[in-house]
Structures are given as structure tokens and as C-alpha cells.
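Visitor: Build the 3D model from these lines:
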Amino acid sequence: MTVLPDDGLSLAAEFPDATHEQWQRLVEGVLRKSGKEVSGEAAEDALSTKLEDGLTTRPLYTAPETAPDTGFPGFAPFVRGGRAEGSAASGWDVRQRIAGTDPVRVNDAALADLENGTTSLWLAVGDAGLPAEGLGRALEGVYLDLAPVSLDPGAQFAEAARALLALYAERAVAPEAAHASLGADPLGHEARTGEALDLAEAAALAADTAAWPHVRALTVDALPYHEAGGSAAEELGLSLATGVAYLRALTDAGLSTEAAFGELEFRYAATADQFLTIAKLRAARRLWARIAEACGAPGAGAQRQHAVTSPVMMTRRDPWVNMLRTTVACMAAGVGGADAVTVLPFDQELGLPDAFARRISRNTSTILLEESHLARVIDPAGGSYYVEQLTDELAHAAWEFFRSIEKAGGQAAALRSGLVADRLAATWAARSKKLATRREPITGVSEFPHLSEKPVVREPAPAPLTGGLPRVRRDEAYEALRARSDVHLTATGARPTVFLAALGPAAAHTARATFASNLFQAGGITPVHDPVSVTPETAAAAYAASGADGMAVLCSSDALYEEQAEAVAAALRSAGATTVFLAGKPGTAAAAVDEYVFAGCDAVAVLSSVLDRMGVAS
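Guide: Model (predicted):
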């Protein structure tokens with residue numbers, strides 16, 4: 001009888017270890033087949049992806065490149081989590097947001113949420129939500145010693161805090177049994193509205209609640225910067241600057257350094273870029289621990305984090321895809337170690353979410369916790385070469401931006417001088433180019449749009465606070481184009497139409513016809529494709545039958561363009577086409593066509609111009 005080795009690795013041991021250089025040579029061979037003659041580091045660079053903040057995602061990471069030791073959960077620098085047990089004991093706090101002005105309806109939603117998986121409530125109070133005096137009715141039937149409450153009160157933070165604390169007293173909730181975030185965020189409110197508030201009032205609130213061990217008076221909300229187009233490093237840097245400003249105000253009001261740290265909760269956006277979200281939350285804890293160390297309170301630096309699925313990534317067209325985006329974002333927030341996670345409903349950008357959307361949003365966390373068992377392991381991404389390197393690089397980029405804010409006089413000065421607005425605007429302008437050229441795709445909007453979808457209509461939500469930094473959305477440029485198409489549809493009974501002139505067999509035209517179809521639909525323009533590939537002899541009749549509004553697009557291979565483009569274009573013009581596009585490289589069959597659409601072209605500019613020429617009102 002043959003006895004196998006007990007280590008099970010002897011066969012592998014007979015082969016020498018592969019080297020990084022050997023892998024690069026294999027990459028060179030693959031790239032050479034696609035026409036790229038690069039070698040060594042250049043071959044690896046060809047597979048790398050540029051991110052915001054000067055970061056680059058490499059195709060391969062290895063152990064020597066990993067970041068410094070990240071320690072253990074519950075110990076500085078808290079990269080692996082602010083609590084020793086992480087979320088392994090009970091999962092993260094499933095925090096549902098409720099926006100509305102009617103206390104009765106808010107109460108109905110709150111009870112339904114708590115009965116079906118939500119573990120805490122996030123209530124909009126003040127100008128963009130409930131009146132403070134309506135909190136009692138809104139929380140009727142809620143066991144306040146069991147369900148934490150987080151407030152989003154804007155400028156009315158003092159009134160909202162007094163109302164909630166009075167409610168605790170009225171219902172005999174002991175200070176040690178109350179878990180709440182009062183949501184005072186003067187600088188965040190200024191970023192939203194341009195209205196400056198007194199930090200001293202927020203500091204006084206914190207001094208009054210110091211005897212409530214689980215009540216945090218202030219929130220450092222980074223969402224205003226994310227929603228203004230900020231990058232991950234900018235979001236982190238501005239949150240650090242805000243947190244430091246609050247620490248100064250709190251200690252000036254008489255709180256100890258340790259107590260001041262205990263009064264803050266941080267709120268970050270979680271996006272569908274899962275690795276960047278994981279790294280952002282891990283880097284945020286590391287950076288805040290560094291500030292605590294510099295303040296002489298290293299043990300107080302365990303940042304309390306509330307992650308919210310990004311409003312910027314939510315689309316108004318094909319909103320059902322938002323369910324997929326928020327699922328990935330929620331997973332990333334949980335893996336990244338957020339203490340509380342809010343999944344915004346998929347119809348968030350359309351008005352007040354309905355009951356179905358709210359159920360899906362809370363069940364997203366439930367599935368990830370109860371069926372995917374995502375919280376059973378603390379920091380499951382820890383040790384990943386990529387995640388550790390990205391965390392380290394993001395932390396350094398954010399720290400440099402934070403230092404520049406401090407050099408400019410701190411967060412308040414940076415907001416009032418326009419430094420923050422200018423920096424975020426530049427970042428968004430660069431990202432907008434990627435969106436316009438579809439280098440950053442938006443599924444259901446710029447890619448695979450669905451023109452025949454029925455609009456999702458919701459009751460209007462309370463108007464958001466405005467006056468400060470802008471609120472941007474990834475879909476905004478395409479949404480403007482689609483809105484023009486909608487008006488045309490209402491006025492004429494049909495959407496604007498473009499004719500796709502496919503030349504030759506399917507193998508020759510399918511890829512470019514699909515590309516052109518997606519591109520024009522992204523602007524609300526219906527592509528019409530003749531069932532049979534057109535020829536110079538059939539092009540005029542096919543165009544006339546299409547009902548196209550003066551626009552035609554040639555779709556085929558470069559070889560067929562050389563053979564047929566000129567004749568087909570002439571036939572299309574004779575049938576009434578005023579502009580003939582070619583789907584392909586600029587310069588191909590240049591004498592035959594007017595314009596080109598190709599991968600990397602500015603789709604928003606092209607589509608806007610086409611709608612203008614079709615007479616579709618802007």
C-alpha cells in the first residue's frame with residue numbers, strides 16, 4: 001500500500017517558485033497579441049487603472065508591498081476595527097433613514113422598520129424633516145432603551161436634542177440605557193447651506209450630555225463633501241479637519257480630551273466601488289487614531305463610524321439597478337468595519353421611498369448578515385495585499401489634504417474662503433469627463449439604457465437643504481438629455497430616432513451596432529436597425545422606412561467601410577439624412593461621412609448636438 005505524504009505539498013515542492021519577472025513576461029505576450037509592444041514595468045502599467053487622488057490600482061500585489069502592521073481590532077491604530085469583537089457578536093447596526101414631515105407617517109415607518117430587521121432609526125428633524133416637537137409622536141411605541149436614535153437636525157440641533165432628551169426623561173429611560181447620536185454638525189450644515197453656526201452651542205450641548213455615556217452630541221458628516229463630487233481622500237481629509245475643529249471647541253468648553261473624542265460620530269459614504277469603500281473606512285480609523293495619539297489620548301481614538309450608501313451613485317432612470325449598487329456598497333461598508341450601515345432605498349432620488357423600497361433596503365443588510373454571514377469574521381479583507389496597500393496609500397493622500405486644510409486655517413476657514421468648493425469642483429469636473437466619455441459607465445443610463453421603461457413615480461420628499469456646496473449625481477448629464485427626449489415624446493408621441501446602417505454580415509457589424517445603439521439610447525434617442533444589412537442599393541429605402549430624424553450611423557468593419565461607406569452615405573443623403581456618422585476610428589472613410597462616434601468620444605456632447613440638430617428643445 002502506498003503511503004501519501006502527510007503534508008500534501010511535496011508535489012508542489014518539486015516545482016520552483018515563479019518570479020514577478022516571469023509573470024511580467026507572460027503579460028507581455030498577451031499584450032503583444034493585442035498590438036501593444038511593451039515590456040517589464042511598462043507591461044504591468046498597461047494593465048493598471050488610474051484612480052482619483054493620484055492612486056493607481058495595479059494588476060498584481062505581493063507581500064513586500066503591503067502596508068505597515070495594522071494591529072488587532074480594538075487596539076490602536078484601529079485599522080482592523082474600533083471594537084475588539086467587531087460586528088461578530090451581533091452584526092452591524094442596521095440604521096434606517098426616515099425622511100418626512102408628518103409625525104404619524106414617520107411613526108408608522110419607524111415601527112414597520114423596527115419590527116422587520118432595523119436596529120436603529122435615523123430621523124430627519126428640522127427644516128428638512130420633522131418638527132422637533134413632533135419627535136414624541138414619531139417615536140410613539142418605540143422602546144427607546146432598546147432602539148438607538150440618530151438625529152439629522154441641521155441648524156435645529158439644540159431644539160431636537162432637548163426634545164429627544166426630554167422624551168428619554170418622560171419615558172424613564174436611564175442615561176446609561178439611552179443610545180443616541182444627537183447629530184449636531186455646525187460645519188457640515190455650513191457646507192450644505194452656507195449658513196455659519198456657532199460651534200460653542202454644539203460644544204455646550206456636548207457638555208450637557210457628558211453624563212449620558214452612550215449619547216454622542218456631535219456628528220462629523222462627510223456626505224456633503226462626497227455629494228459635492230469629492231474623492232475618497234478629500235472626504236477623509238475634510239472629515240478629519242472637521243473632527244479636529246470640534247475637538248478644539250469641546251476642550252475649550254471644558255471637556256477632557258478623552259471625553260471630547262467620545263462625543264463624536266463620523267458619517268461616510270459607501271459606494272459600489274467595494275475595495276475603495278473598504279479601504280476608506282479602514283484608513284479613516286487609522287487617521288483618527290493618529291490624531292488621538294497627537295492629542296495625547298491614544299486609547300480614545302476608536303472612531304465610531306456610520307456608513308451610508310452613496311446618493312451620488314443612485315440613478316433616476318432604471319432605478320431598480322440601484323438595488324445592486326446598494327448591495328455592493330452595504331457589503332463593502334460591513335467588510336470595512338462600519339459600526340452602523342444605512343442602505344438608502346432604490347427610489348431615494350425620486351421622492352419619498354415606498355414601503356417596498358424600504359423593505360428591500362433593510363433586507364439588504366439582513367441577507368448579508370444572516371444568510372451571507374458577512375459579519376462572522378472581523379476585518380475579512382485584512383491581509384489582502386491590495387486592500388492593505390490601498391488603505392495605506394489612501395491614508396497618506398487624505399493626510400496630505402488634511403494638512404493643507406489645517407495650513408489654510410482649519411475647516412471653517414477653508415469652507416469660507418472657497419478652498420473646499422474649488423477643490424471639490426475640480427475633482428468633479430475631472431470625473432464628469434470620465435462619465436461623459438463613458439469611461440466610467442452607469443448601467444441603465446449610459447450603458448444598456450431601457451427607453452421603454454415605465455417611469456417610477458413617488459410622492460415628493462421634503463426639499464433638501466441648499467445654498468452651500470452643490471449636490472451632484474453621476475447621472476445628471478444623461479438625465480438632462482433624457483428629459484429633453486421625454487418632452488419630445490410627450491409633444492410628438494415618439495422619441496427622436498436615428499437610423500443604424502449596418503453593412504455586411506453580422507460578424508462585421510454587430511459590435512459597432514451595439515455600441516452605437518447604447519450610445520444613442522443614453523441620450524433618449526431610439527436607434528432603428530434594418531433587419532437585413534443595407535447595401536448601396538437598399539440604403540435609401542431602408543432609411544426612408546426607419547422614420548429617422550435626419551441622422552444615420554454606418555456600422556461595420558473597417559474593411560467594409562473602405563468598400564461601401566461612400567456609396568451608402570450618398571444613398572442615405574439622397575433619402576434625407578442630413579448627418580451621416582460612422583461608428584469607428586476618426587479618419588476612417590473620411591470623405592464619406594460627417595462625424596464619428598467611437599469608444600472614448602464625449603457622448604454627452606455628441607448626443608446634445610444631435611438633439612439640437614433634430615430640433616429637440618433643451
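Visitor: what ranges of the stretch 201-350 of the chain fall below the confidence cut-off?
Guide: Applying pLDDT under 70 to the stretch 201-350 of the chain picks out no residues at all.
Visitor: cool, the chain as well?
Guide: For the chain, the stretches flagged by pLDDT under 70 are 1-14.
Visitor: Check it and tell me which residue is nearest its centre.
Guide: Against the mean C-alpha coordinate of the chain, by C-alpha atoms, centre = their mean, the closest residue is Thr271 at 3.3 Å.
Visitor: Wait, that residue touches Ala329, no?
Guide: Yes: taking contacts as C-beta atoms under 8 Å, Thr271 lies within contact range of Ala329: 5.6 Å. All C-beta spots, glycine's among them, are computed from the backbone N, C-alpha and C.
Visitor: Which elements pack onto the host helix or strand of Ala333?
Guide: Using DSSP states H and E, Ala333 maps to helix 322-336. When contacts are defined as 3 or more C-beta pairs under 8 Å, 6 or more residues apart in numbering; DSSP states H and E, helix 322-336 sits against strand 264-270, helix 274-294, strand 305-309, strand 340-342, helix 355-366.
Visitor: Out of those, flag the one nearest Ala398.
Guide: Nearest to Ala398 among the helices and strands packed on helix 322-336 is helix 274-294; the distance by C-beta to C-beta comes to 6.1 Å.
Visitor: tell me which residues of the closest one are tucked away?
Guide: In terms of neighbour count (16 or more other C-beta atoms under 10 Å), helix 274-294 has its buried residues at 274-292.
Visitor: okay, the angle between that helix and strand 305-309?
Guide: 160 degrees (axes from the mean of the first three to the mean of the last three C-alpha atoms, to 10 degrees).
Visitor: that older thread, any residues in contact with both of Thr271 and Ala329?
Guide: Both Thr271 and Ala329 are contacted by 277, 309-310, 313, under the criterion C-beta atoms under 8 Å, 6 or more residues apart in numbering.
Visitor: Out of those, which is nearest to Leu424?
Guide: Nearest to Leu424, judged by C-beta to C-beta, of those is Ser310 at 14.8 Å.
Visitor: quick one: contacts for the closest one?
Guide: Residues in contact with Ser310 (C-beta under 8 Å, 6+ apart) are 226, 269-272, 325, 329.
Visitor: hmm, try it at 7 Å
Guide: Shown in contact with Ser310 (C-beta atoms under 7 Å, 6 or more residues apart in numbering): 226, 269-271, 329.
Visitor: Could you verify that Gly254 is part of a strand?
Guide: No: Gly254: not assigned to a strand; according to DSSP: H, G, I helix; E, B strand; the rest coil it is coil.
Visitor: if I pick it, what's in contact with it?
Guide: Applying C-beta under 7 Å, 6+ apart to Gly254 gives the contacts Ala207.
Visitor: how near is it to Ala203?
Guide: Remark: distance between Gly254 and Ala203 (C-beta to C-beta, to the nearest Å) = 9 Å.
Visitor: can you check Leu390 too?
Guide: 36 Å.
Visitor: Report the buried residues of the one helix or strand Ala571 maps to.
Guide: Assigned by DSSP H and E, Ala571 falls within helix 558-574. Using 16+ other C-beta under 10 Å as the test for burial, helix 558-574 gives 560-561, 564-565, 568-573.
Visitor: just stretch 49-66 next, same as before
Guide: Neighbour counts using 16+ other C-beta under 10 Å place 51-53, 55, 57-58, 61, 66 of stretch 49-66 among the buried residues.
Visitor: Could I get these in a markdown table, plus columns for distance to Ala552?
Guide: Shown next, in a markdown table, are the buried residues of stretch 49-66 (distance: C-beta to C-beta, whole Å):
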| residue | distance to Ala552 |
| --- | --- |
| Leu51 | 39 |
| Glu52 | 38 |
| Asp53 | 43 |
| Leu55 | 43 |
| Thr57 | 40 |
| Arg58 | 43 |
| Tyr61 | 48 |
| Thr66 | 55 |
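Visitor: Can you pick out the most distant pair from the residues you listed?
Guide: Distance extremes for these: the farthest pair is Glu52 and Thr66 at 22.1 Å, using C-beta to C-beta.
Visitor: nearest to Gly71, of the helices and strands packed on helix 322-336?
Guide: Of all the helices and strands packed on helix 322-336, helix 274-294 sits nearest to Gly71, with 9.4 Å by C-beta to C-beta.
Visitor: Could you export the helices and strands packed on helix 322-336 to JSON lines, including columns for distance to Trp212?
Guide: Formatted as JSON lines, the helices and strands packed on helix 322-336 follow (distance: least, C-beta to C-beta, whole Å):
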{"stretch": "strand 264-270", "distance to Trp212": "14"}
{"stretch": "helix 274-294", "distance to Trp212": "21"}
{"stretch": "strand 305-309", "distance to Trp212": "18"}
{"stretch": "strand 340-342", "distance to Trp212": "18"}
{"stretch": "helix 355-366", "distance to Trp212": "27"}
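Visitor: Could you work out which of those reaches nearest to Gly547?
Guide: Distance to Gly547, taken as C-beta to C-beta, is lowest for helix 355-366 among these, at 37.2 Å.
Visitor: could you say which helix or strand contains Gly183?
Guide: Assigned by DSSP H and E, Gly183 falls in strand 180-184.
Visitor: How far off centre is that strand?
Guide: Mean-position distance between strand 180-184 and its chain equals 24 Å (C-alpha atoms, centre = their mean, to the nearest Å).
Visitor: so what does it touch, helix or strand wise?
Guide: Contact partners of strand 180-184 among helices and strands, from 3 or more C-beta pairs under 7 Å, 6 or more residues apart in numbering; DSSP states H and E: strand 149-152, helix 157-170, helix 199-208, strand 215-221.
Visitor: The second one vs strand 180-184, what angle?
Guide: Same thing as helix 157-170. 160 degrees.
Visitor: now helix 157-170: how far from the chain's centre is it?
Guide: 33 Å.
Visitor: Mind listing what's buried along that helix?
Guide: 157-161, 163-165, 167-168.
Visitor: Let's have those in CSV, adding distance to His20.
Guide: Formatted as CSV, these follow (distance: C-beta to C-beta, whole Å):
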residue, distance to His20
Phe157, 54
Ala158, 59
Glu159, 61
Ala160, 57
Ala161, 57
Ala163, 61
Leu164, 57
Leu165, 60
Leu167, 62
Tyr168, 60
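Visitor: Sort out which one of these lies nearest Glu235 for me.
Guide: Phe157 (21.8 Å).
Visitor: Next up, the contacts around the closest one.
Guide: With C-beta under 7 Å, 6+ apart, Phe157 has these contacts: 182-184, 202, 205.
Visitor: returning to what we had before: who wins on neighbours among the contacts of Ser310?
Guide: Ala270 (31 neighbours; other C-beta atoms under 10 Å).
Visitor: Surely that residue is in contact with Thr277?
Guide: Yes: using C-beta atoms under 7 Å, Ala270 makes contact with Thr277 at a distance of 4.8 Å.
Visitor: Determine the residues that are contacts of both of the two.
Guide: 329, 332-333.
Visitor: got TSV for those, with distance to Ala494 too?
Guide: Output for these, formatted as TSV (distance: C-beta to C-beta, whole Å):
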residue	distance to Ala494
Ala329	37
Ala332	42
Ala333	44
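Visitor: And the residues you listed, which is closest to Phe499?
Guide: Relative to Phe499, the closest of the shared contacts of Ala270 and Thr277 is Ala329; by C-beta to C-beta it sits at 39.7 Å.
Visitor: what residues are up against the closest one?
Guide: By C-beta under 7 Å, 6+ apart, the contact list for Ala329 reads 270-272, 277, 309-310.
Visitor: If we only consider those, which is nearest to Ser618?
Guide: Taking C-beta to C-beta as the measure, Ser310 is the one of those closest to Ser618, at 28.5 Å.
Visitor: With Val343 as the reference, measure out to the closest one.
Guide: Distance from Ser310 to Val343, by C-beta to C-beta: 11 Å.
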